[in-house]
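Q: Sequence first, then the predicted structure:
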Amino acid sequence: MEILIIIAVIAVVAYIFLKKDNSSFSAGSSQGTRQNTAPSPQAAPPARDWEATWQPSAPRKASGKCGANVGWTLYEDGQLIITGNGPMYEYKPETMDDGKKVTPWFPYRMSIKSAKVGKGITHLGDWVFAYCKNLEDASLSCTTETMPWGGFFECEKLQQIVVPNGVKRIRSDCFLDCPALRMVRLPNGVNEIGESAFSGCRSLVSINLPESLTDIDGYAFAHCPSLRQIRIPRGTSYIHKNAFYNSGVSIPPRGYGAM
């Protein structure tokens, strides 16, 4: 009889213990399901235009005009901001007899680390960022139809550039001797890449040539040894015989005067 009582007590204790365990497991499973089915957080909204959100984080270093209705400000942290409406003045890499002079920020060129151009700018002046050897990035919201002659000449630290929509022509020497430039994004609508536009971009590995492209001028991609693959659009009717001279790809000439 005592043995039966002991067995009955053990059975009751075991039943209580198992019931408690099952309850805990069910509660944990239910909680896990709620966590897994909870709605995921919404993605962050896309960034607005930099002019709407940008705020200076450093004191002003210098400022002035670079167009009839265009102004520039350089801050102590190396940010060059160009805003206003209409075209910029034209510049030269050095003072010329024809009256065209260097950019007003030329004396500060070694301290410029980034450049931002507002959407109200309709024309970038020639040689606008030339010799800014420490320029690392450029945000172009402008509505220009051309990327300027010598615009980024010898910007040795510039690594990538997104050419704004609306641009139809990359003028000569625009990115000449930008050895760190790795990636270029061209918009559809570009129809000409000028002479020596990307010559000497030794790190260039990626550039998309839009279907609108018709002309690739002499030495446009010369001395670009890292450029191993490139797709030439069907509509490209002219490729100068030296367009890819001493580059990582071999592209035959095409069109008038190519040979």
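A: Structure received.

Q: Find the residue ranges of the protein scoring beneath the pLDDT cut-off.
A: Along the chain, segments meeting pLDDT under 70 span 1-49, 95-99, 257-259.

Q: in the longest strand anywhere in it, what's buried?
A: In terms of residue count, the longest strand belonging to the chain (DSSP state E) is strand 60-67. The neighbour-count check on strand 60-67 (16 or more other CB atoms under 10 Å) flags K61, C66, G67 as buried. Quick note: C-beta positions are derived from backbone N, CA and C, even for glycine.

Q: Same question for stretch 204-214.
A: Residues L204, I207, L209, P210, S212, L213 are the ones in stretch 204-214 that count as buried (16+ other CB under 10 Å).

Q: Stretch 238-256 now?
A: For stretch 238-256, burial by neighbour count (16+ other CB under 10 Å) applies to Y238, I239, H240, N242, A243, F244, S247, G248, I251, R254.

Q: Counting only helices, which of these make the cut?
A: Among the buried residues of stretch 238-256, no member falls in helices (DSSP state H).

Q: all helices of this structure, in order?
A: 2-37, 50-53.

Q: Using CSV, write out every CA atom in the shortest one.
A: If I follow you right, that is helix 50-53. C-alpha atoms of helix 50-53 as CSV (Å, rounded to 0.1, in the frame of the first residue of the first chain):
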residue,chain,number,x,y,z
TRP,A,50,21.1,69.1,-50.7
GLU,A,51,20.1,72.8,-50.9
ALA,A,52,17.0,72.1,-48.8
THR,A,53,18.8,70.2,-46.0
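
Q: Report the distance from it to the chain centre.
A: Taking CA atoms, centre = their mean, to the nearest Å, one finds the center of helix 50-53 at 16 Å from the center of the full chain.

Q: Now do it: everything it contacts.
A: With CB atoms under 8 Å, 6 or more residues apart in numbering as the test, helix 50-53 has contacts from A47, T83, K116, G118, K119, S139, S141.
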